[in-house]
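Engineer: One predicted model, sequence on top.
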Amino acid sequence: MAQTTTKPKNQKDSLTVAQSYGTVSNRPLALDHRVRLASTNNLNQVLADTMTLRDLYKKHHWQVSGAMFYQLHLLYDKHFGEQALVVDAVAERIQTLGGVAIAMAPDVAEMTRIARPPRDREHVALQLFRLLQGHELIIAESRELARAAAAEGDDGTSDLLISDVLRLNELQVWFVSEQLGGSGIADEDVAAAQLALGRVVLRQSRTPAGGRIRLPVQRKKRSVIAGQPARSRPLPQSPSQSPHLR
Ligand SMILES: [Fe+2]
């Protein structure tokens, strides 16, 4: 049966903290404390990554340029709104299970596994690449964590991860992929990826947790029209091949 919330570490905390982050309070949900704690921890990872992807859409919505400006400006904001709904659903599932959802940008930045983009206004091909990369990361983790939750009897969490998180991300990948002509990065079409991302190379970097990832960087300043970069650039990894997605 469920256990009670872990007490704050000291008396001072008890004056301001209703519940410590990383704990789960009692809930008559017929779910063991251990299961609810694991689910809330996993859901907070999905939450951090989803909030990052949501904000990436808004960044791109503001900063998009080129011949595809209007349609992408609208598409990015539509996806932003849909991701915002998922953020709320995941956060409220964490609270439902008795946990504490992360909320603030600094905490999201520390936790997310999605690579941080620069403040610069990036070209369309790189915008799309980043979005597909973020989507694939969330798709992979939502499938994995849904199976883990189901195996422990937390069917509500499993359903949320499949019905809300996974399916939306798969759907949005379709829409984003088609912006690359339907035969781009997501299809692992080498020629199309070279064409779309010809000016992008990857560099080794470290995550806040100490892991290694490869982040896309622009090789040099560009003067070409967005979406039409030079063909003779090194081939970057596709989202599917990115090591931090495995
Ligand atoms: Fe807007």
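Structural biologist: Looks like it came in fine.

Engineer: the longest helix in this protein is where?
Structural biologist: Determined from DSSP state H, the single longest helix within the chain is helix 33-63.

Engineer: Buried residues, that one. List them.
Structural biologist: Judged by neighbour count using 16 or more other CB atoms under 10 Å, the buried positions of helix 33-63 are 33, 35-40, 42-61, 63. Bear in mind the C-beta positions are built from the backbone N, C-alpha and C, glycine included.

Engineer: Can you name every helix or strand that it contacts?
Structural biologist: With contacts defined as 3 or more CB pairs under 8 Å, 6 or more residues apart in numbering; DSSP states H and E, helix 33-63 has these neighbours: helix 69-96, helix 105-111, helix 124-151, helix 155-159.

Engineer: pLDDT on the second one, on average?
Structural biologist: Confidence for helix 105-111, expressed as mean pLDDT, is 98.

Engineer: which secondary structure elements does that helix contact?
Structural biologist: In terms of contacts (3+ CB pairs under 8 Å, 6+ apart), helix 105-111 is packed against helix 33-63.

Engineer: Can you check what angle separates the helix it packs on from helix 124-151?
Structural biologist: Inter-element angle recorded for helix 33-63 and helix 124-151: 170 degrees (by axes from the mean of the first three to the mean of the last three CA atoms, to 10 degrees).

Engineer: now helix 33-63 against helix 69-96, angle please.
Structural biologist: Helix 33-63 runs at 160 degrees relative to helix 69-96, counting by the same axes, to 10 degrees.

Engineer: pLDDT weak spots in this protein?
Structural biologist: 1-12, 182-246 (pLDDT under 70).

Engineer: hmm, 50 instead?
Structural biologist: In the predicted model, the chain carries pLDDT under 50 at residues 1-4, 8, 183-184, 186-195, 198-246.

Engineer: just to revisit the earlier point, for the helices and strands packed on helix 33-63, which one ends up most surrounded?
Structural biologist: With neighbours taken as mean count of other CB atoms under 10 Å, the helices and strands packed on helix 33-63 reach their highest mean count in helix 124-151, at a mean of 22.

Engineer: Show me what it is packed against.
Structural biologist: Against helix 124-151 (3+ CB pairs under 8 Å, 6+ apart) you get helix 33-63, helix 69-96, helix 155-159, helix 167-178, helix 190-197, strand 200-206, strand 212-218.
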